[in-house]
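Undergrad: Just a sequence and a predicted model for now, questions to come.
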Amino acid sequence: DAEITQSPRHKITETGRQVTLACHQTWNHNNMFWYRQDLGHGLRLIHYSYGVHDTNKGEVSDGYSVSRSNTEDLPLTLESAASSQTSVYFCASRQGASTGELFFGEGSRLTVL
Amino acid sequence: DQQVKQNSPSLSVQEGRISILNCDYTNSMFDYFLWYKKYPAEGPTFLISISSIKDKNEDGRFTVFLNKSAKHLSLHIVPSQPGDSAVYFCAASGSTQGGSEKLVFGKGTKLTVNP
């Protein structure tokens, strides 16, 4: 079965370290998204991509970057982790149409000490 | 400024009764609305959606109502079951936003269905 997977599921790091969260989907979807979930804020969009070599900033993109070198993967990098980036991160994908269902991964819980 | 608002952080209902979760939006360019359900330690999963050309969409125990003039939608769950206890997110997208296909989410409502 096609799926979307995130790794690691849990990570603890220190302030200032670089961290990369992986996201891999096997549906061959064009559109991929990264959200973070925080208490009181719901799901907020960090970055998104509509296809290979395409990346776009979401509403909370500062301190994060993504790259899209193939259809299947959209890694999220925190260049210099900050305590404010402690959160649960969700990757999602959708084929294309805005009316299509968004499929989410199981999440990556990141703690920055 | 929040474009999708879920003003009730939590809701508690008795098993068998109706659960009504509400959502308001401010962006008139939104034309597609979805509800997602999230259990702890899992990713959100799609529940039901509605296009702006409709005012109601039903799927089993779940019905979504859309009032475009009021920029309001609601999710009805009848009858509610303990397994429905989860966080429910309202989301909206605008296919006419210059091709934008982003989903904008509300903050979520935690539903607890008591046996």
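TA: Sure, I can see it.
Undergrad: give me the low-pLDDT residue ranges for chain B?
TA: Along chain B, the model assigns pLDDT under 70 to residues B:1, B:95-101.
Undergrad: Near chain A, which residues of it? Just list them.
TA: Residues of chain B lying close to chain A by CB under 8 Å from any CB of the partner chain are B:6, B:32, B:34, B:36, B:41-46, B:49, B:51, B:89, B:91, B:93-95, B:100-108. For every residue, glycine as well, the C-beta is placed using N, CA and C.
Undergrad: so how many other residues sit close to residue A:65?
TA: Counted with other CB atoms under 10 Å in any protein chain shown, the neighbours of residue A:65 add up to 15.
Undergrad: from the residues of chain B next to chain A, which would you call buried?
TA: Among these, those classed as buried by 16 or more other CB atoms under 10 Å in any protein chain shown are B:6, B:32, B:34, B:36, B:43-44, B:49, B:89, B:91, B:93-95, B:100-108.
Undergrad: quick one: which of these sit in strands?
TA: Using DSSP state E, B:32, B:34, B:36, B:49, B:89, B:91, B:93, B:104, B:105 are the members of these that sit in strands.
Undergrad: out of the residues you listed, who's nearest residue B:70?
TA: The closest of those to residue B:70 turns out to be residue B:32 (CB to CB; 17.3 Å).
Undergrad: Across the sheet, point out what pairs with the closest one.
TA: On the basis of DSSP bridges, residue B:32 is bridged to residue B:51, residue B:93.
Undergrad: which stretches of chain A form strands?
TA: A:4-7, A:10-13, A:19-25, A:31-38, A:42-51, A:54-57, A:64-66, A:76-78, A:87-94, A:103-104, A:108-112.
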